[in-house]
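Participant: build me a structure from this.
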Amino acid sequence: MSAQTVAAEARPGTTRTVTAAAPSTSMRIRTALRPLLDNRALRTHFGTVTGTAILALLLWRLGTGVFLDGLARIDVPVLLAAVGTGVVTTVFSAWRWQLVARGLRLRLPIGPAVADYYRALFLNAALPGGVLGDVHRAVRHGQSAGDLGRGVRAVVLERVAGQVALTVVGSVVLLSLPSPVRDDARDFAPLAALAAAGALAVYLAVRMNRAPSDQRGGALSRTLAEARRGLLSRANWPGVTLSSAVVLAGHLSMFVVAARVAGSSAGVSALLPIAVLALVAMGLPLNVGGFGPREGVTAWAFAAAGLGASTGLATAVVYGVLSFAASLPGLAVLVVRWYGALRAKPGQFVDSATAPSPEVSRVKYAAKDSVRLASRCFPFSADPREGRPMTPDSV
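Facilitator: Residues are numbered from 1 along each chain as shown. Here you go, the predicted model:
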């Protein structure tokens, strides 16, 4: 019997001899990596570690001179342009959030919405992961409105609206303009369409054969109903579409400005597909203050388009700095509210913008009130007295 035998039978009256099999290579790798995989701190900071590794790899391959050269090209007029673009995109993003919140019967005046959105942008840029600011504003709004679940779902739907706009516009741009992925995308499109059709067919079959008492189906129906009210209702979808288009146009224009600052002379038609890929990479929670996958994808896309990986890295770095500059008003919001929290007495609210008024209660809107409020689609049409203001907070 061979040495790999797990157990060898002995003659009657003797003991059983057990020979352990030699561990395989994959088993040895899993055993060596188990302490790392079981490390809770590593799992928590996986995104930060991944983003740092991507940056380290890029700097190792392309050198630190590219990084420093991109930073040296930024001047005051460019920073002011970035801040101005950030004002436009933030106001329209806050308006989109307001529309979605009102569709879910939550009160959200435009003034606090803009301030909280700025704060979220700054926290997203300053903290690892890139999503902690959105989590913060979702929880704060839900707590102030008296419905944490709806507050979180309002932020999720608002972010989904932005991703849908990016997906639709990005697909058109990547398939119509010359890009590093156009040929592969065209070959892959029929397979993706078939997969989507199959998934839709399976979903419809399950939905048609679902028992009436299926709780999961009921939860899905409620979620879809909220998505329709928040995004697709007659009162909301024009504003949500317009705001998403303006926000996406602002991000794309800032990327083009960053490419010009980095020294790229490529045309706008060549830069837009790369900008779309960079924005998609920014959505991955694997970054350090926004840096990481964006730089890697931009460097690869520039190289594939024949524009130079170094120029791509410099463009991504400049774009990251401009985005951070655009979020700096959020730091002012944090400082003002922190200072107000220090001066406020226990039990008091920070400022008049977030202090509750006697006529505001936690009771949900009546039907006529929600229709009246949802009918307003201009971002500056909200009256702060109509909504329940935010609670004060300090970070």
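Participant: where do the strands of the chain begin and end?
Facilitator: 7-8, 17-18 (DSSP state E).
Participant: poorly predicted segments of this protein, please.
Facilitator: Applying pLDDT under 70 to the chain flags residues 1-52, 55, 63, 66, 129, 180-218, 286-290, 345-395.
Participant: try it again at 80.
Facilitator: 1-71, 128-130, 178-222, 283-292, 343-395 (pLDDT under 80).
Participant: contacts only, for the residue lying closest to residue 152 once chain neighbours are set aside.
Facilitator: Nearest in space to residue 152, with sequence neighbours left out and distances taken as C-beta to C-beta, 6 or more residues apart in numbering, is residue 138 at 4.5 Å. Yep, even glycine has a C-beta here, placed from its N, CA and C like the rest. By C-beta atoms under 8 Å, 6 or more residues apart in numbering, the contact list for residue 138 reads 151-152, 154-156.
Participant: run the last query once more with 7 Å
Facilitator: Counting by C-beta atoms under 7 Å, 6 or more residues apart in numbering, residue 138 makes contact with 151-152, 155.
Participant: for those, pick the one with the most neighbours.
Facilitator: When neighbours are counted by other C-beta atoms under 10 Å, residue 155 leads these with 25 neighbours.
Participant: quick check: closest non-adjacent residue to it.
Facilitator: Once flanking residues are discounted, residue 155 sits nearest to residue 138: 3.8 Å by C-beta to C-beta, 6+ apart.
Participant: distance check, residue 320 against residue 227.
Facilitator: In this view, residue 320 and residue 227 are 32 Å apart by C-beta to C-beta, to the nearest Å.
Participant: now residue 325
Facilitator: Applying C-beta to C-beta, the value for residue 325 to residue 227 is 34 Å.
Participant: returning to what we had before: please tell me how far the residue nearest to residue 152 sits from residue 167.
Facilitator: Taken as C-beta to C-beta, the span from residue 138 to residue 167 is 22 Å.
Participant: could you do residue 90 as well?
Facilitator: Counting by C-beta to C-beta, the gap from residue 90 to residue 167 is 22 Å.
Participant: more neighbours, the two?
Facilitator: Ranked by neighbour count (other C-beta under 10 Å), residue 90 and residue 167 place residue 90 first, with 23 against 12.
Participant: show me what contacts that one?
Facilitator: By C-beta under 7 Å, 6+ apart, the neighbours of residue 90 are 114, 117-118, 121.
Participant: ok, those vs residue 244, which is closest?
Facilitator: residue 117 (14.1 Å; C-beta to C-beta).
Participant: what about the closest residue to the closest one other than its chain neighbours, how many neighbours?
Facilitator: Spatial nearest neighbour of residue 117, excluding adjacent residues (C-beta to C-beta, 6+ apart): residue 94 at 4.3 Å. If you count neighbours by other C-beta under 10 Å, residue 94 ends up with 25.
Participant: could you check how far residue 94 is from residue 224?
Facilitator: For residue 94 relative to residue 224 (C-beta to C-beta), the value is 25 Å.
Participant: and residue 247, by the same measure?
Facilitator: Going from residue 247 to residue 224 by C-beta to C-beta gives 24 Å.
Participant: looking at these two now, which is surrounded by more residues?
Facilitator: For residue 247 versus residue 224, the count of surrounding residues by other C-beta under 10 Å is larger for residue 247: 22 against 11.
Participant: I figured that one hits residue 89, correct?
Facilitator: Yes: the criterion here is C-beta atoms under 7 Å, and residue 247 meets it with residue 89 at 4.8 Å.
Participant: joint contacts of those two?
Facilitator: By C-beta under 7 Å, 6+ apart, no residue touches both residue 247 and residue 89.
Participant: buried residues, stretch 72-80. List them.
Facilitator: Judged by neighbour count (16 or more other C-beta atoms under 10 Å), stretch 72-80 contains these buried residues: 73-74, 78-79.
Participant: quick one on the thing from earlier: residue 320 and residue 227: which is more packed in?
Facilitator: Using other C-beta under 10 Å, the more surrounded residue of residue 320 and residue 227 is residue 320, with 24 against 19.
Participant: quick one: contacts for the residue nearest to residue 86 when sequence neighbours are not counted?
Facilitator: For residue 86, ignoring the flanking residues on the chain, the nearest one in space by C-beta to C-beta, 6+ apart is residue 326 at 2.7 Å. Taking C-beta under 7 Å, 6+ apart as the criterion, residue 326 is in contact with 82-83, 85-86.
Participant: and which of these is nearest residue 256?
Facilitator: When the contacts of residue 326 are ranked by distance to residue 256 (C-beta to C-beta), residue 85 comes first, at 10.9 Å.
Participant: burial measure for the closest one, as a count.
Facilitator: Other residues near residue 85 come to 20 when the count uses other C-beta under 10 Å.
Participant: quick check, it in contact with residue 250.
Facilitator: Yes: shown here, residue 85 and residue 250 form a contact pair, counting by C-beta under 7 Å, at 5.1 Å.
Participant: first-to-last residue distance for stretch 124-141?
Facilitator: End-to-end distance for stretch 124-141: 17 Å, by C-alpha to C-alpha, to the nearest Å.
Participant: tally of neighbours for the closest residue to residue 248 other than its chain neighbours?
Facilitator: Distances taken as C-beta to C-beta, 6+ apart place residue 165 nearest to residue 248, at 5.2 Å, with adjacent residues excluded. Residue 165: 20 surrounding residues under other C-beta under 10 Å.
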